[in-house]
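Visitor: how would this look folded up:
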Amino acid sequence: MLDPRYARLAELMVTYSVAVSPGERVLIEAFDVPPGFTAELVRAVARAGGLPLVSTKQNLVLRELYLNATDAQMQAIAECELFRMKMVQAYIGVRGWANATEMADVAPSQMLMCQRLWNRPVHLEQRVRHTRWVVLRYPTPAMAQAAGMSTPGFEDLYLRVCTMEYARMARAADALVRRMERTDEVRIVGPGTDLRFSIRGIPAVPCVGHRNLPDGEVFTAPVRTSPEGTISFNVPSVYNGITYDNVRLTFARGRIVDAEAGANTNLLQQALDSDEGARYVGEFALGFNPFILRPMKDTLFDEKIAGSLHLTPGAAYDEADNGNRSQLHWDMVLIQRPEYGGGEIWMDGECVRRDGLFVPEDLRPLNPDQLGAPGAE
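Guide: Predicted coordinates:
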């Protein structure tokens, strides 16, 4: 029997995240998700007067598709799924897995081809641009194991994170949006890191439960040719089923001119060579979810860690567009709280976050002790 908080989560996704209206078509896409939760989403959409459409997928089956993929096959799948995506007004994607590295033995070239021919036209171009959408990870023992937690302990954390008061977070994030939109130069400093870039003229976008769950960030993008210096990431990054540790990037005139990832440096270089835009940055964001405090090897969680930032080689989002285009979009995360080495973020010569805590008075409501950490109420 499902924890009753799953019903609350389904209701939050339908009424807050995508705000379904009567008569709207809603595609629910469930990857390795228990039928009980998919059924909760169907009920929530129906209560809102929407028309639920359901597609279920399994990662083991997707692996076989990727292993045997051809251009013609991927184009055929994309045509069918693109037609369906064009028919809906809202999209709810729920992704679970028994094995986070299920795709580890799929050649990187195959994965890139599938992303280019299937994922990009269906999701990046149609779903992201033309529907109201939200994407959710479903808690599994594999996720608990990756996070170093028991399965019940992880599920409890997951439900607290995903059903927190996102409207309160939205109000607190307004000040950070305003500050970022008036900022020219950003400087990030910390162990192995000294990086400068401009965000002048690029919109800042709050992520407060409308697109991802869990959520908790404000993102923008650097002016494409502005990053100069080096950044060292301290959060393991799982990309296409492979874990990359201690990623270090060096920039000159906005372009990544050197990249290291220990034993996976060659694979990192291959990904950055996938196209010209892959060596430029398409996103910069500050994370502040008060309940997510340590890496879980899941980007959807890790990029929201309190006291973190992420920088993204690859494509920019339309909402904060710096003109960079790529089939790659790889969020790389750096935590700056003291137990992870500390660090600072400066905007136009003012320190706005030190050791993971916002310093200016207008930004302090985003700190964990005020945003909703245990004991803060």
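
Visitor: Which residue ranges make up the domains of this structure?
Guide: Domain segmentation of the chain under automatic domain parsing yields 5-162, 169-371.

Visitor: out of these, deepest packed?
Guide: domain 169-371 (a mean of 20; mean count of other Cβ atoms under 10 Å). Heads up, the C-betas are built off the backbone N, CA and C, glycines and all.

Visitor: Span of that one from start to end?
Guide: 7 Å (Cα to Cα, to the nearest Å).

Visitor: Any idea how far that domain is from the middle of the chain?
Guide: Averaged C-alpha coordinates place domain 169-371 at 11 Å from its chain's average position (Cα atoms, centre = their mean, to the nearest Å).

Visitor: Helices of the stretch 51-200 of the chain, residue ranges please.
Guide: Counting by DSSP state H, counting those that start in this stretch, the stretch 51-200 of the chain has these helices, from start to end: 59-67, 71-86, 108-114, 128-130, 141-146, 151-162, 166-181.

Visitor: Nearest to Phe233, out of these?
Guide: helix 141-146 (17.1 Å; Cβ to Cβ).

Visitor: packing partners for the closest one?
Guide: Helix 141-146 sits against helix 151-162, with contacts defined as 3 or more Cβ pairs under 8 Å, 6 or more residues apart in numbering; DSSP states H and E.

Visitor: quick one, what contacts Gly96?
Guide: When contacts are counted by Cβ atoms under 8 Å, 6 or more residues apart in numbering, Gly96 touches Phe31, Asp32, Val33, Pro34, Arg137, Tyr138, Pro139, Thr140, Met143.

Visitor: between the helices of the stretch 51-200 of the chain, which one is nearest to Val122?
Guide: That would be, of the helices of the stretch 51-200 of the chain and by Cβ to Cβ, helix 71-86, which comes in at 4.8 Å.

Visitor: picking that back up, just put the helices of the stretch 51-200 of the chain in JSON lines and tack on distance to Gly49 and mean pLDDT.
Guide: Shown next, in JSON lines, are the helices of the stretch 51-200 of the chain (distance: least, Cβ to Cβ, whole Å; pLDDT from 0 to 100):
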{"stretch": "helix 59-67", "distance to Gly49": "32", "mean pLDDT": "93"}
{"stretch": "helix 71-86", "distance to Gly49": "21", "mean pLDDT": "95"}
{"stretch": "helix 108-114", "distance to Gly49": "36", "mean pLDDT": "88"}
{"stretch": "helix 128-130", "distance to Gly49": "21", "mean pLDDT": "92"}
{"stretch": "helix 141-146", "distance to Gly49": "33", "mean pLDDT": "87"}
{"stretch": "helix 151-162", "distance to Gly49": "24", "mean pLDDT": "91"}
{"stretch": "helix 166-181", "distance to Gly49": "22", "mean pLDDT": "96"}
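
Visitor: Out of those, which is closest to Ala271?
Guide: helix 108-114 (6.9 Å).

Visitor: do you know how far the residue nearest the centre of the chain is from Arg95?
Guide: In the chain, the centroid-proximal residue (Cα atoms, centre = their mean) is Leu300; its distance is 4.2 Å. To Arg95, Leu300 is 8 Å away according to Cβ to Cβ, to the nearest Å.

Visitor: shared neighbours of these two, which are they?
Guide: Val135, Leu136, Arg137.

Visitor: The last one: what's it in contact with?
Guide: Residues touching Arg137, when contacts are defined by Cβ under 8 Å, 6+ apart, comprise Val94, Arg95, Gly96, Met143, Tyr158, Asp298, Leu300, Phe301.
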